[in-house]
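Asks: Below is the structure, and that's it, no one-letter string:
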């Protein structure tokens, strides 16, 4: 079994619900990522905010206003760090998601993106 914790990225850029949306946009651009988990100070995942969530807001606005909470999706598909990677592959394919947060005891510990999976799958081929 290939476990999620063996593949996930643990250096996750995240924001809190009260993070200004302008800062969310800056973090997406600075880190060249397409989405950010939204976590409480305790580490509990409460949502995710993505480029898709923000595009409509940014069109026609000089400066975005509000917070991550205002734009995040709060019905987030996530996985546990001990879950099998095949389930995550199927989820990303079937739900057209780019990434899924990884939890341990309800707290964010990592993230797996499509790119992480491709790297993992291709690794044995490159050897």
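Replies: Okay, I see it. Only a predicted model underlies this, so the values are computations on that prediction, with no experimental measurement involved.
Asks: low-confidence ranges in this protein?
Replies: Counting by pLDDT under 70, the chain has low-confidence residues at 1-2, 60-63, 124-127.
Asks: what about the strands in it?
Replies: Taking DSSP state E, the strands of the chain run over residues 35-39, 45-50, 79-80, 99-104, 107-113.
Asks: which one of the ones you listed is the most hemmed in?
Replies: strand 35-39 (a mean of 25; mean count of other C-beta atoms under 10 Å). Just so you know, the C-beta spots here come from the backbone N, C-alpha and C atoms, and that holds for glycine as well.
Asks: Who are the packing partners of that strand?
Replies: helix 21-30, strand 45-50, helix 68-71, strand 107-113 (3 or more C-beta pairs under 8 Å, 6 or more residues apart in numbering; DSSP states H and E).
Asks: any chance of these in CSV, plus distance to residue 3?
Replies: Formatted as CSV, the helices and strands packed on strand 35-39 follow (distance: least, C-beta to C-beta, whole Å):
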stretch, distance to residue 3
helix 21-30, 28
strand 45-50, 19
helix 68-71, 30
strand 107-113, 11
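Asks: What distance do you get for the residue lying closest to residue 35 once chain neighbours are set aside to residue 73?
Replies: Once flanking residues are discounted, residue 35 sits nearest to residue 50: 3.8 Å by C-beta to C-beta, 6 or more residues apart in numbering. Plainly put, residue 50 is 7 Å away from residue 73 if you go by C-beta to C-beta, to the nearest Å.
Asks: One more: residue 95?
Replies: According to C-beta to C-beta, residue 95 and residue 73 sit 12 Å apart.
Asks: These two: which is more packed in?
Replies: Neighbours around residue 95 and residue 73, counted as other C-beta atoms under 10 Å, are more numerous at residue 73. The numbers are 14 against 10.
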